[in-house]
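[1] Mind looking at a prediction? Sequence and model below.
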Amino acid sequence: MNRCLLSIGLAGVVMLPAGLAWAGDTTAAKGNAAGKAVVRQELLAKYDKNGNGKLDADELAAAKADLAKKREKAAKGTKGLTADAVLKKYDTNGDGKLDAAELSAMIKDLQAKHEAKKKAVM
């Protein structure tokens, strides 16, 4: 059960950089309605090639392909990130599980690494 929860957490962490990159670090990363509207507008601006305000099959395929590339790129950054390695680094109380505070520390570190990589590219 604990490994299952950790695996679910790691899956979320793997997708965090891709999600942040996709959302352009807008408020959608927090899941609010205004941020989601911004992401929808960004998607339309980028992929609606015929300008009709809708994404057709070809435009959706292009968006899907870009997202897959971003997910693949994000996953490459987690090579060697095993459950044991995560626990060793972030399980500060040594109980073999990540509590809310430990998960927050892990996410904060991963977000900081993502931001550093993004600034290095700019």
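    It's in.

[2] Look up the pLDDT of Met106 for me, please.
    We have a pLDDT of 89 for Met106.

[3] Could you double-check that it lies in contact with Lys88?
    No. Between Met106 and Lys88 there is no contact under Cβ atoms under 8 Å: 11.8 Å. In short, each C-beta sits where N, CA and C put it, glycine included.

[4] Looking only at neighbour counts, state which of these two leads.
    Met106 (19 against 10; other Cβ atoms under 10 Å).

[5] and that one, helix, strand or coil?
    Under DSSP: H, G, I helix; E, B strand; the rest coil, Met106 falls in the helix class.

[6] Chain neighbours aside, what residue packs nearest to it?
    Tyr90 (4.7 Å; Cβ to Cβ, 6 or more residues apart in numbering).

[7] for Leu43, same thing?
    That would be Ala63: by Cβ to Cβ, 6+ apart, it lies 6.2 Å from Leu43.

[8] That neighbour sits in which helix or strand?
    In the assignment (DSSP states H and E), Ala63 maps to helix 57-76.

[9] and that helix, what does it pack onto?
    For helix 57-76, the packing partners by 3 or more Cβ pairs under 8 Å, 6 or more residues apart in numbering; DSSP states H and E come out as helix 2-23, helix 33-47.

[10] Just the buried residues of it, please?
    Neighbour-count burial for helix 57-76 flags Glu59, Ala63, Lys70, Arg71, Ala74 (criterion: 16 or more other Cβ atoms under 10 Å).
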